[in-house]
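**Student:** Model the following, please.
(one chain, ligands or ions: 1)
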Amino acid sequence: MNYVFEPCSQPAADVVGSDAKFPIRRVFCVGRNYAAHTREMGFDPEREDPFFFIKPADAIIPAKEMPYPPQTKDLHHEIELVVAIGKGGVDIDEATALDHVFGYAVGIDFTRRDLQGAAKKAGRPWDWGKGFDNSGPMSPIVPLAEAGHPDPKQKIWLSVNGEIRQDATLNELIWKIPEVISIISQSMALKPGDLIFSGTPAGVAAVVKGDVLTGGVEGVAEIEIKIV
Ligand code: MN
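**Tutor:** This next block holds a predicted model:
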């Protein structure tokens with residue numbers, strides 16, 4: 001293929017136990033998927049239909065250092081279980097949804113909360129609050145062959161400078177992973193390489209330059225990120 005300039009390199013994530021990388025296609029994120037977090041954001045966690053937003057594939061970076069982004073004074077952490085899709089599909093049944101999973105990772109859905117809040121108030125899109133450069137630091141992907149599917153009893157947690165901020169278990173997810181996969185596939189054709197950030201538990205708060213964040217999902221992966 002002949003291009004008018006060199007195309008950008010394919011965004012990709014490391015895979016535990018493999019030299020091969022996982023090529024990232026799209027990044028779907030579930031909003032308000034833990035009841036206590038929904039309440040802390042000022043909403044009623046009734047089981048209404050889930051909603052989604054998208055980050056660019058190249059917002060996903062290795063979890064090491066994250067540059068503090070421009071135009072915000074309120075950068076929030078959101079620790080999340082990430083589902084890596086290995087097999088695409090349309091109108092996927094809940095019963096077979098997990099057959100589409102390649103593996104799992106842990107990521108942080110960083111949010112410019114002040115920009116998101118202004119967008120909400122004005123009825124505008126969330127992209128500037130959610131989809132900025134480097135907004136999705138993520139661990140390597142753990143393939144099913146290494147660890148299987150996470151048990152709902154497993155903990156999801158995040159601490160900042162050693163102090164616990166987010167602490168929950170996966171069974172607090174309002175929409176479970178098979179439901180989320182099925183629902184997305186009714187609106188969009190899921191493709192191999194798609195990632196799903198499954199939502200964050202309560203305890204989101206601001207970070208500043210120099211903070212060190214550690215977090216993880218028990219039995220999946222842990223991450224450590226410094227804000228620089
Ligand atoms: Mn989130």
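
**Student:** And the contacts of the lowest-mean-pLDDT helix or strand in the chain?
**Tutor:** The helix or strand of the chain with the poorest confidence is helix 35-40; it has a mean of 88 (mean pLDDT, DSSP states H and E). Among residues not part of helix 35-40, those counted as contacts by CB atoms under 8 Å, 6 or more residues apart in numbering are 32, 44-45, 168, 172, 174, 199-204. C-beta coordinates here come from the backbone N, C-alpha and C atoms, glycine included.

**Student:** who's in contact with the residue positioned nearest the centre of the chain?
**Tutor:** With distances taken as CA atoms, centre = their mean, the residue of the chain nearest its centroid is F197 (2.8 Å). Applying CB under 8 Å, 6+ apart, one finds that F197 lies in contact with 27-30, 55, 80, 82, 107, 109, 136.

**Student:** Distance of it relative to G136?
**Tutor:** Using CB to CB, to the nearest Å, F197 is found at 7 Å from G136.

**Student:** shared neighbours of these two, anything?
**Tutor:** A shared contact of F197 and G136, defined by CB under 8 Å, 6+ apart, is any residue touching both; here these are 27, 55, 107, 109.

**Student:** Name the residues of stretch 158-167 that are buried.
**Tutor:** In terms of neighbour count (16 or more other CB atoms under 10 Å), stretch 158-167 has its buried residues at 158-160, 165-166.

**Student:** and the end-to-end length of that stretch?
**Tutor:** Its first and final residues considered, stretch 158-167 spans 7 Å by CA to CA, to the nearest Å.

**Student:** Same check on stretch 121-132?
**Tutor:** The stretch stretch 121-132 measures 19 Å between its terminal residues, going by CA to CA.

**Student:** Report the buried residues of it.
**Tutor:** Taking 16+ other CB under 10 Å as the neighbour-count basis, stretch 121-132 is seen to contain the buried residues 126, 129-132.

**Student:** Mind putting those into TSV with pLDDT, secondary structure and distance to T96?
**Tutor:** Output for the buried residues of stretch 121-132, formatted as TSV (pLDDT from 0 to 100; DSSP: H, G, I helix; E, B strand; the rest coil; distance: CB to CB, whole Å):
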residue	pLDDT	secondary structure	distance to T96
W126	97	coil	31
G129	98	helix	34
K130	98	helix	30
G131	98	coil	30
F132	98	coil	35
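
**Student:** Out of the residues you listed, which is nearest to the ion?
**Tutor:** The shortest separation between the ion and any of the buried residues of stretch 121-132 is 7.7 Å, and it belongs to K130 (by CB to the ion).

**Student:** Touching, the closest one and G117? I think so.
**Tutor:** No - contact between K130 and G117 fails when scored by CB atoms under 8 Å: they sit 11.9 Å apart.

**Student:** Pull the contacting residues for the residue of the chain found nearest the ion.
**Tutor:** The nearest approach of the chain to the ion comes at D109, 3.5 Å away (CB to the ion). With CB under 8 Å, 6+ apart as the criterion, the residues that contact D109 are 29, 55, 78, 80, 130, 135-136, 197, 200.

**Student:** my guess is G17 is in a strand, correct?
**Tutor:** No - under DSSP: H, G, I helix; E, B strand; the rest coil, G17 sits outside any strand and is assigned coil.

**Student:** okay, now the closest residue to it other than its chain neighbours: neighbour count?
**Tutor:** Residue nearest to G17 in three dimensions, not counting chain neighbours: E146, with 5.5 Å by CB to CB, 6 or more residues apart in numbering. Residues lying near E146 (other CB atoms under 10 Å) number 14.

**Student:** I am finished for the moment; much appreciated.
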